[in-house]
Structures are given as C-alpha cells and as structure tokens.
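Participant: Quick one: sequence plus predicted model below, questions after.
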Amino acid sequence: MNDQTIPSTVTAVVMDAIGSHALLEEPVEELKDGEYFVKTLYSGISAGTELTFFQGTNPKGVEGWDQERRLFRGDMEPDNEDIFPKHEGYMEVGTVVASKNANVRVGTNVAMLYHHQDGYVAGDVDFCVQLPDDFDPILGIWVAKMGPISMNGILYAADEVQRSVVSQIEGSLKDQKVIVFGAGMIGLLCGVFAK
C-alpha cells in the first residue's frame, strides 16, 4: 500500500434534540485487513423520517407508544431516550481514499449506508455499491437505499403478473400497464424502473 493516509477522527452530525444538531468528533483506528476508508462526498437527508424527527412531527418523538394496542397515543409521553441523540443517514456517497481490501480500489466512488459523517471505515460486512467512473456521484445518494426499495416495488408487481420467480427486472413488466401512486422519490424511481 502506498501513501494511503486516513484521518485520526471523523466528524459526525448528530440530532441531539428536536430542532437541534451537534457535531461529534469520533476516533478512527488504523485500517485492518479487509477494510477501506471512504471520504464522504455527499450525504442525502431523508425528507421523510429524518426531517420529521428534526421538526418534531414524527409520532415517535411526540407521542407515546402503546405496546398493547401497537399504536402511538397523544395522551402518553414519548420515550425520548430511545430517540436522542440520533445518528441519522443512510444515503452516503464517497471516494475510497485508502484500502486494505482487494475488492475495493483507491479512487473508486461508492454508494453506502452509513450515518452523516465526513468519513467512514468500511469492510466486507457493509453494503457498498461501487459506482461506474462516468456516473455523477451526487446521484449515488439514491443507489444504496432508495434504488433497492423502488426496485422491490417493481419486482413485487412482476411477481403478481407472472406468478413465478422473477429472474431479472428488465422486461419483467413487458406489455403491462403500470400505475404508480405518489410522485415522491420512491414513486418517481418506480416509474423509471417500470419503464
């Protein structure tokens, strides 16, 4: 391995209360065999769940959970210890700047599922999609989480139509009329995949 230096700390963005974020410095250890360090380029913020926690509109943050009835209730106090501090993030894109993993080379852009932080030590246990060289890395925020969720929508629809194992997504809804309800990110991606 030539000059592949990694920082001694990473900075993480943590939601410490409703409407409040904090920056935390976390130590980084030297890479072990099979690990690689990703320098974050983009960290997508969830406009759904994550934003509702920050704004204080998520039921889990403002209502209590009734275990017996399996629902949130406004007449019960929330368990904020279960919520804060909250490490969010699952739409990260970065560049591999150091690697002791034979399958992940330095300079590769990757889409991954880790928290909002400026770097991450990853290994084979982490979900990692290596992005093509000509792929705009900012679009990678959709690859690791939103893409698979949307793809599952298409696979479920194809399964309903075919009533057999779907071995590939391409052509699985050929000659079918597809209606997607909702035009958020998931709906838009489902439409693209259906096409």
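Facilitator: Sure, I can see it.
Participant: give me the low-pLDDT residue ranges for the chain?
Facilitator: Counting by pLDDT under 70, the low-confidence segments of the chain come to 1-3, 80-82.
Participant: Relative to Cys128, how far out is the most centrally placed residue in it?
Facilitator: Residue closest to the mean C-alpha point of the chain, counted by Cα atoms, centre = their mean, is Tyr90 at 2.4 Å. Look at Tyr90 and Cys128: by Cβ to Cβ, to the nearest Å, they are 13 Å apart. Where C-beta positions appear, they are placed from N, C-alpha and C, glycine not excepted.
Participant: Find the residues that touch each one of these two.
Facilitator: Any residue near both Tyr90 and Cys128 by Cβ atoms under 8 Å, 6 or more residues apart in numbering counts here, and that gives Ala144.
Participant: Settle this for me: Pro85 is touching Ala12, isn't it.
Facilitator: No. Between Pro85 and Ala12 there is no contact under Cβ atoms under 8 Å: 9.8 Å.
Participant: Tell me how far Pro148 lies from Ser46.
Facilitator: For Pro148, the distance to Ser46 equals 15 Å [Cβ to Cβ].
Participant: can you pull up the bridge partners for the closest residue to Pro59 other than its chain neighbours?
Facilitator: The shortest distance from Pro59 to any non-neighbouring residue, by Cβ to Cβ, 6 or more residues apart in numbering, is to Phe72 (3.9 Å). For Phe72, the beta-bridge partners are Trp65 (DSSP bridges).
Participant: what's around Phe72, how many residues?
Facilitator: 16 (other Cβ atoms under 10 Å).
Participant: check contacts around it.
Facilitator: The neighbours of Phe72, taking Cβ under 8 Å, 6+ apart as the test, are 59-60, 63-66.
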